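A.B. asks: Next come a sequence and a model predicted from it.
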Amino acid sequence: MLEQRKSGVIHTIKQNCRRCYTCVRDCPAKAIRIVDGQASVVEERCIACGNCTAVCSQGAKAYVSGVERVIELLSDGGPVAAMLAPSFPADFPDASAESLVGTLRQLGFSHVVEVAHGADAVSRAYRGWLRENPDGVRITTTCPAVVEYIRKYKPELTQCLIPIVSPMVATAKEVKRRYGDKVRCVFIGPCVAKKLEIRNPEVAGIVEEVLTFQELRRLMLVKSVPLGWAPPSRFDPPEGGGGRVYPLVGGLLRSSGIKRDPLQPEVTVLSGQSETIEVLSNLTRDEGPRLLVEALMCRGCYSGPGMYLHHRRLQRKQRISDYVTSKRTVLPTDGTPEQEDEDLASLHREFSPDDQRLKEPNESEIKQILARTNKFSQEDELNCGACGYPTCRAKAVAVYRGLAEEAMCLPFMVEQAERVCHELKIPWGELRDVHRHLINTEKLASMGQMAAGVAHELNNPLSTILLYSNILRRRLQARSEFDHDLRLLEDEAQRCKKIIGNLLDFARQNRVKLESTLVEPLLRQAADESLYAAQDGEDHRVNVVVDCPPDLRAEMDRDQIAQVLGNLVKNAIEAMEGRSGAVRVEARYVPDRDRVRISVSDQGVGIPPEARDKIFQPFFTTKSIGKGTGLGLPISYGIVKMHRGTIWFESESGKGTTFHLELPQSQAMHARSISNEQTNDSIRR
């Protein structure tokens, strides 16, 4: 508990903070610092108004709890007095004053008194002080948040604060005078700033703890004492009087007998942080010959952040008025000049400035900060308030002071995000294609490993079958009736071995014999052979066009690449399905990649979308039964991979397909490039 009391009144629950900047927007002292998007309270700047705890929808701001400390006080056996603020009727509408007092006694409080009595004494002290000091600017002291704001942000007005304690402190002094110094006093009210007031050295030790009305309900829950279950009881002396109107705006002046007239501006009442901050920020000590200001950070003490504000403001105000009327309170508070002087002497206190104002940046520094968020002219300053500051310049000042971040500017961050997306130019479609390609590559690699294992396992029994079929055929040469069957057995076994050989090609188990090869003759040979095989005596109206520089060379296994090209050209011709048109076979050197790219294009029906992910899988074919084994493209894929190349296709339904394959022009240079990259990676690691 002691550690908690040292850590400040307001703290941040980091996991709940969501970059909404509501607390920044509604903090009258601008005591919120943003670091990496997290809003934290700057303790020395905080005036403990509690507004941030009320406006944060995520519950990321909370005030320090007094419940645990009060439980300790009630448990140690000594007398503890509960001092109930006069705003209690607004927060407990379903319970009478007697019922609430009875509940407090049931919780363990030895005395329950009205803070309204202390307010009566403060009102008398005000009258006595103003009688002796009628001129100048005078500011009342009942709202500790206002006091802290003046001390920290208008320190030159500190001398204008009327040097009298608050009703809370005045009540505690009277309780200790009547019931002994051993009585510990606990203030219960709507105000969070009271938690900061009791830590001030001028009044420290008079009030041991502060509970808000919210915390009082939690204390009832912890101690299992529901409101209304205890027998009713009355307040202990001293009894309150006119001070019961203090929660109402202007109640202090009313209780003190000070008249307000709209036509006489020398008496001014301020309520709510906007009005209070605006007036105090522009107020000077020489405002006029005579000015009395009553200021509240809340819009009346029946709207404090420590209350359950479930009912409308007008209803809460009316409940206090009804309670004051029911008690037949005499206003203003009675008192002789002698009593006023006595209260003035016993309730005197001093206020010292605590200047927390930060250095103001010059115009050049402000412009530099604005420029970093693309604000170069007045037209660029949108003043949208999304960052929590009213203007772009106010936010720039906060950045200069280390309280804000440039990333808090929402329009700037949206522009940056749009620019990055535009520069990347990676649409989702392309990302899906890359993802699909990676999956297919991994799948083909796994199938290649499986095919290699299966092929090796089948080769041995097939070799045995071929061996014994040859032995049988030689031994049964005289038996002509077995000759056909044995030859069929041998031919089918040879066909199985050929399929297994193709599987090994797909699995890249064969060696590559590299040699420098002219590309154009290879393309023309593949085109001629494929065209002849595809026609097979039929009248096809397909023309194969070869386009390749005559001196283009690449290192390759000539026979294996010829097999790949033959498969691609044959497939392209068959894809035309008897229609007239051209199959184009092109080859070009790609200098930035040091590769030779060969493309085979047709004007056929295209590859169906549902088949594109399976096109390189073994035994998958879109041809009719008996016209394809489904190994042509998988074998081509394996051969290209053995050459350290890549193969891919582009297809559009009804318009045709283009297969591309790229091969390194120099395998040795390619190998050295890979080796250098691996070496560099090793060095970097």
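C.D. replies: Looks like it came in fine. Treat the numbers as computed from the prediction; the structure is a model and nothing was measured.
A.B. asks: residue ranges for the strands of the stretch 151-300 of the chain, please.
C.D. replies: Remark: strands assigned in the stretch 151-300 of the chain by DSSP state E, counting those that start in this stretch are 184-189, 209-212, 267-271, 290-296.
A.B. asks: Flag every buried residue along the helix or strand just after the last one.
C.D. replies: Scanning forward in sequence from strand 290-296, with DSSP states H and E defining helices and strands, the next element found is helix 313-326. With burial defined by 16 or more other CB atoms under 10 Å, the residues of helix 313-326 counted as buried are 316-320, 323-324. Every C-beta, even on glycine, is put in place using the N, C-alpha and C of the backbone.
A.B. asks: Could you tell me the average pLDDT over the next helix or strand after helix 313-326, please?
C.D. replies: Using DSSP H and E, the next helix or strand after helix 313-326 towards the C-terminus is helix 337-346. Computed over helix 337-346, the mean pLDDT rounds to 82.
A.B. asks: just checking, what packs against helix 337-346?
C.D. replies: helix 115-132 (3 or more CB pairs under 8 Å, 6 or more residues apart in numbering; DSSP states H and E).
A.B. asks: Output the helix it packs on as CSV, nothing but the C-alphas.
C.D. replies: Provided in CSV are the C-alpha atoms of helix 115-132 (Å, rounded to 0.1, in the frame of the first residue of the first chain):
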residue,chain,number,x,y,z
VAL,A,115,-18.3,17.5,5.9
ALA,A,116,-21.0,20.2,5.6
HIS,A,117,-19.9,21.3,9.1
GLY,A,118,-16.4,22.0,7.9
ALA,A,119,-17.9,23.8,5.0
ASP,A,120,-19.8,26.1,7.4
ALA,A,121,-16.5,26.9,9.2
VAL,A,122,-14.8,27.6,5.9
SER,A,123,-17.6,29.9,4.8
ARG,A,124,-17.2,31.9,8.1
ALA,A,125,-13.4,32.1,7.5
TYR,A,126,-14.0,33.4,4.0
ARG,A,127,-16.2,36.1,5.3
GLY,A,128,-13.7,37.1,7.9
TRP,A,129,-10.8,37.1,5.4
LEU,A,130,-12.7,39.0,2.7
ARG,A,131,-13.7,41.6,5.3
GLU,A,132,-10.0,42.2,6.0
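A.B. asks: can you give me the helices for the stretch 51-200 of the chain?
C.D. replies: Remark: helices assigned in the stretch 51-200 of the chain by DSSP state H, counting those that start in this stretch are 51-55, 67-75, 88-91, 97-107, 115-132, 144-153, 167-179, 194-197.
A.B. asks: Out of the ones you listed, which is closest to Pro265?
C.D. replies: helix 115-132 (16.8 Å; CB to CB).
A.B. asks: buried residues in the closest one?
C.D. replies: Buried-residue list, helix 115-132, by 16+ other CB under 10 Å: 115-130.
A.B. asks: Could you tell me the per-residue confidence at the residue lying farthest from the centre of the chain?
C.D. replies: Within the chain, the residue lying farthest from the chain centre (CA atoms, centre = their mean) is Ala478, at 89.2 Å. With respect to pLDDT, Ala478 has a value of 75.
A.B. asks: so it sits in a helix?
C.D. replies: No - assessed with DSSP: H, G, I helix; E, B strand; the rest coil, Ala478 is coil; it does not lie in a helix.
A.B. asks: Number the residues from 15 up from this point.
C.D. replies: Noted, 15 is the first residue going forward, which turns the last one into Ala492.
A.B. asks: Nearest residue to Gly620 in space, please, no chain neighbours.
C.D. replies: Ser667 (4.3 Å; CB to CB, 6 or more residues apart in numbering).
A.B. asks: give the contact list for the nearest residue to Pro319 once chain neighbours are set aside.
C.D. replies: The shortest distance from Pro319 to any non-neighbouring residue, by CB to CB, 6+ apart, is to Gly64 (3.4 Å). By CB atoms under 8 Å, 6 or more residues apart in numbering, the contact set of Gly64 is 23-24, 77, 159, 205-207, 318-320.
A.B. asks: Recalculate using a threshold of 6 Å.
C.D. replies: 77, 206, 319 (CB atoms under 6 Å, 6 or more residues apart in numbering).
A.B. asks: Do I have it right that the last one meets Ala207?
C.D. replies: No - here Pro319 does not reach Ala207: they are 8.9 Å apart, not a contact under CB atoms under 6 Å.
A.B. asks: Quick one: low-confidence residue ranges for the stretch 15-164 of the chain.
C.D. replies: Applying pLDDT under 70 to the stretch 15-164 of the chain picks out residues 15-21.
A.B. asks: For Asp627, see how far away the residue nearest to Gly620 is.
C.D. replies: Taking CB to CB, to the nearest Å as the measure, Ser667 and Asp627 are separated by 15 Å.
A.B. asks: which of the two has more neighbours?
C.D. replies: Neighbours of Ser667 and Asp627, each counted by other CB atoms under 10 Å, are more numerous for Asp627; the result is 14 against 11.
A.B. asks: Local confidence estimate at the more buried one?
C.D. replies: Asp627 is given a pLDDT of 76.
A.B. asks: Most neighbours among the contacts of Gly64, which one is it?
C.D. replies: Val206 leads those on contacts (other CB under 10 Å) with 27 neighbours.
A.B. asks: my read: that residue touches Ala76, true?
C.D. replies: No - proximity of Val206 to Ala76 does not meet the contact threshold set by CB under 6 Å, at 10.1 Å.
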